[in-house]
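Asks: pasting the sequence and the predicted model now:
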Amino acid sequence: MLAATLAPPLQAATLDASSRSEKITVDVSGPTTPFPHFWEQTYGSGRAILSLRESYRNDLRSVKQITGFDSVRFHGILMDEVGLYDPDRRTKNPGLTAQAANDASVYNFSYIDQIYDGLLANGVRPFVELSFMPKKMASDPAALHAFWYKQNVSPPKDYALWDAMITAFAKHLIARYGIDEVSQWNFEVWNEPNLDFWGGKPRQATYFTLYEHTARALKAASERMHVGGPATAQAAWVADFLAYCKKNNVPVDFTSTHVYANDTAPDVFHTTEMIPRDKMVCRAVKKVHEEILSSPLPATPLIFSEYNASYANEPDVTDSTYMGPWLATTISQCDGLVKSMAYWSFSDVFEEQGVVRTPFYGGFGLMAEDSIPKPAFNAFAMLHKLGDRRLKVDSESALATVREDGSVVVAVWNYAPPAGTGPTYTPPPAGLVSDQLGPEKTMELKFEGVGKSAAVTLYRVDPTHGNVVPAFDAMGRPATPSRAQIVELQKAGAAAPAEHLKLEQGMLTVRVPAQGLVVLEIEDGGK
């Protein structure tokens, strides 16, 4: 079911705009609401075949270590480079002709097994996006997408072939991993069919046909298979999709869609308003949440299977400390509206625009090329420390939680827009690494329900903490860093050392620079 509780109501705090100071009270004995870590359960990644690379798996392990995430979603498990479908194998190898009734005569699961075995060996389940079309099954073999790897986006030439492949695929997974395991995977039909990732005409009607065939083919393997869609861009089609499934009695176990912070109001809301980056994602989440509640299937869980601060390569956004406050404010706003959100993506082992040419080009990943941690990596690590119960706090720049052991974890941040937008990097003026982004904010925190001199561990990510970009700038931003420079950048991207403090009469003052995120652990919550 959808998360039933919205973000908790707010209580006393004040903000002095002239001095940029904010007073926040955290009452640890106050009521709490559930706070599942919906923002870090699933991550996107480069397409399926990349998961066989050691660089991909190294980054997977690094992100798993800091977040404990459950699953990964990628495009292309059905593409020819993975090798699943080849009806010509019967004629190429006459020895297989006698096995015509056997899946092995048409389907080859070798790479699929290696891909999924590799994920599971690292404690990560697949979030299975069923895409794209094998060319020998395509109604239009020339319908190739613009991505570097040129996936086929046409409907199948014969749905009987598609249905048989999907059922064989599902049965193979069940035979290899067991239904108790596979029933915990999500199977999502296609990717962003409202854009040029789907070549059916008209797009919506033909996608609904694809979805219906796919859902029924999966359920033919086992009713316990978990299937959903429409996996649209720009938070689109959800109401129509659920109405179609209800009217036609089509199985649907979850609904999924995508949004990015630089999507526009005309595309997402069909309005002309200007929605800033720190509001767009959760405005879209709330829109879809309400559409589901008003639909004929109001209990359908909602998954945003892609989200990020940008859908484009913007170095001053996804490579920068901007991501810390943006992520924190997005989490705060989206709480209670969505079952899970899949950050796109965990790694810059990624080839949609071609082979990566430089470590910092505005890629979507938490890890740059050569496993260099970006500020977003450190931000996710810090926010993972938050508890699973949320406390009431009256601030748009603070999030207070309690862990099972009673300790209190609070995030505070100073949101500021990116230093630049678009594909060209905007370096900070000399000597103004922090100031050029905006004024510092002073957060005066008062804790009630904890020891007056409780121990505090403080973590930071901001322009001068946990930020690899200044080191890369100092090198002259080499397109291909040397091996020694890569080691230096990996060290520069590491998290800043924790600071150890104590409350003074239950109070703590924290200064947070623009684009800064701070997470505080108060160790004796409730004493």
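Replies: Done, it's in.

Asks: do a quick rundown of the helices in the stretch 351-500 of the chain.
Replies: 375-383, 469-474, 483-492 (DSSP state H, counting those that start in this stretch).

Asks: which residues does the shortest one contact?
Replies: If I follow you right, that is helix 469-474. Under the contact criterion C-beta atoms under 8 Å, 6 or more residues apart in numbering, helix 469-474 has outside partners 319-321, 359-360, 375, 427, 433, 463-464, 488-489, 492-493. (Each C-beta comes from the backbone N, C-alpha and C, glycine too.)

Asks: with the first one instead?
Replies: Applying C-beta under 8 Å, 6+ apart, the contact partners of helix 375-383 are 39-40, 62-63, 66-67, 318-321, 323-324, 327-328, 331, 343, 366-367, 411, 459, 461, 466-469, 493-496, 517, 519.

Asks: summarise which helices and strands the helix or strand encompassing residue 216 is packed against.
Replies: Assigned by DSSP states H and E, residue 216 belongs to helix 203-221. If contacts are counted by 3 or more C-beta pairs under 8 Å, 6 or more residues apart in numbering; DSSP states H and E, helix 203-221 sits against helix 159-177, strand 186-189, strand 226-232, helix 238-248.

Asks: not counting sequence-adjacent ones, nearest residue to the spatially most central residue of the chain?
Replies: Centroid-nearest residue in the chain: residue 343, 1.1 Å away (criterion: C-alpha atoms, centre = their mean). Using C-beta to C-beta, 6 or more residues apart in numbering and skipping residues adjacent in sequence, the residue nearest residue 343 is residue 43, 5.3 Å away.

Asks: for whichever helix or strand that neighbour is part of, packing partners?
Replies: Assigned by DSSP H and E, residue 43 falls within strand 42-44. Contact partners of strand 42-44 among helices and strands, from 3+ C-beta pairs under 8 Å, 6+ apart: strand 71-74, strand 302-308, strand 340-343.

Asks: which of the helices of the stretch 351-500 of the chain sits most buried?
Replies: Of the helices of the stretch 351-500 of the chain, the one with the most neighbours on average (mean count of other C-beta atoms under 10 Å) is helix 375-383, at a mean of 26.

Asks: now do that helix, average pLDDT.
Replies: The average of the pLDDT scores along helix 375-383 is 98.

Asks: taking strand 302-308 as reference, get the angle to that helix.
Replies: If you take axes from the mean of the first three to the mean of the last three C-alpha atoms, to 10 degrees, helix 375-383 sits at 140 degrees to strand 302-308.

Asks: quick one on the thing from earlier: check contacts around the residue nearest to the centre of the chain.
Replies: Contacts of residue 343 (C-beta under 8 Å, 6+ apart): 39-40, 42-44, 307-308, 366, 380.

Asks: where's it relative to residue 204, distance?
Replies: Using C-beta to C-beta, to the nearest Å, one gets 27 Å for the distance from residue 343 to residue 204.

Asks: follow-up on the earlier one: buried subset of the contacts of helix 469-474 as a PyMOL selection?
Replies: Here is the PyMOL selection string for the buried members of those, based on 16 or more other C-beta atoms under 10 Å:
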select buried, resi 319+320+321+359+360+375+433+463+488+489+492+493
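
Asks: of the contacts of helix 469-474, closest to residue 476?
Replies: residue 427 (10.9 Å; C-beta to C-beta).
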